[in-house]
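In: Any chance you could fold what I've pasted below:
(one chain, ligands or ions: 1)
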Amino acid sequence: MRHRSLLRRTIPLYAQKGFPSMPAHPTPAISTCDLCDAHKGDDSGAFRVLPPVFQSYGALPAFSGPVSTVKCFEDNTLVKAAVDSPGNGRVLVVDAGASLRRALVGGNLAASAARNGWAGIVVNGCVRDVAELNAERVGIRALALMPLPTEKRGEGLSDVAVQVQGVWVRPGDWLYADADGIVISDRAL
Ligand SMILES: O=C([O-])CC(=O)C(=O)O
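Out: Modelled structure (predicted):
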């Protein structure tokens with residue numbers, strides 16, 4: 001039987017994992033397994049789990065926050081605009097149409113996201129500069145690494161409902177990510 005420790009819920013991640021100092025936006029360590037145990041009977045659609053197809057990058061192995069979205073295809077203009085603006089602890093969900101041909105986020109955008117207080121970025125697509133991503137205090141999930149960058153054509157949509165791997169994610173939803181998976185809820189849990 002898995003042991004569920006109360007401590008795991010209450011000690012902030014930066015303290016558990018020995019981060020040298022407190023991050024700009026400390027992420028409470030909420031276990032996605034605990035959330036799924038509590039909500040597994042919820043078939044209302046308010047509680048969703050993303051399919052287990054995401055790789056983990058960035059120096060924050062767990063993160064959570066209210067969602068903002070970008071919908072784009074092989075063009076990261078609006079992703080850059082988002083991470084260049086204040087994140088206030090939000091999670092940016094990028095529906096890149098699951099393209100495996102271009103990287104939407106690299107070291108520069110990850111550094112902007114960390115600097116501007118984004119808790120995390122979830123890309124339904126690719127990222128690059130893995131060593132630089134892993135040095136930034138922001139959580140990053142993506143399908144894969146791809147060294148080719150995008151073209152910046154100024155196309156895309158911000159803060160619209162998106163479908164990520166068949167799961168609806170809407171601006172204002174809450175996202176919880178840890179080593180076990182990614183959970184979406186229509187309210188803070
Ligand atoms: O700028 C881009 O298009 C993506 C990138 O490589 C970075 O964020 O460093």
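
In: Name the residue of the protein that lies nearest to the ligand.
Out: Proximity of the chain to the ligand (CB to the nearest ligand atom) peaks at Gly106, 2.6 Å away. For the C-beta atoms, the positions are set from N, CA and C on the backbone; glycine is no exception.

In: Now do the contacts for the nearest residue to that residue once chain neighbours are set aside.
Out: Spatial nearest neighbour of Gly106, chain neighbours left out: Asp129 (4.1 Å); criterion: CB to CB, 6 or more residues apart in numbering. Applying CB atoms under 8 Å, 6 or more residues apart in numbering to Asp129 gives the contacts Ala103, Gly106, Gly107, Ala110.

In: Please render those residues as TSV that adds distance to Asn116, secondary structure and pLDDT to the earlier fields.
Out: Conversion of the contacts of Asp129 to TSV gives the following (distance: CB to CB, whole Å; DSSP: H, G, I helix; E, B strand; the rest coil; pLDDT from 0 to 100):
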residue	distance to Asn116	secondary structure	pLDDT
Ala103	20	strand	98
Gly106	16	coil	98
Gly107	15	helix	98
Ala110	11	helix	98
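
In: quick one: which of those residues is most hemmed in?
Out: In terms of neighbours by other CB atoms under 10 Å, the contacts of Asp129 top out with Ala110 at 27 neighbours.

In: From Val130, how far out is it?
Out: Here the criterion is CB to CB, to the nearest Å. By it, Ala110 lies 10 Å from Val130.

In: anything in contact with each of those two?
Out: Common neighbours of Ala110 and Val130, counting by CB under 8 Å, 6+ apart, are absent.

In: Give the full set of residues in contact with Cys126.
Out: By CB under 8 Å, 6+ apart, the residues touching Cys126 are Ala96, Ser99, Leu100, Arg101, Arg102, Ala103, Leu104, Ala142, Leu143, Ala144, Leu145, Met146.

In: Kindly list the main-chain dihedrals of Gly106?
Out: phi -130, psi -160 (degrees, to the nearest 10).

In: Surely it touches Val127?
Out: Yes: if you go by CB atoms under 8 Å, Gly106 and Val127 touch, sitting 6.7 Å apart.
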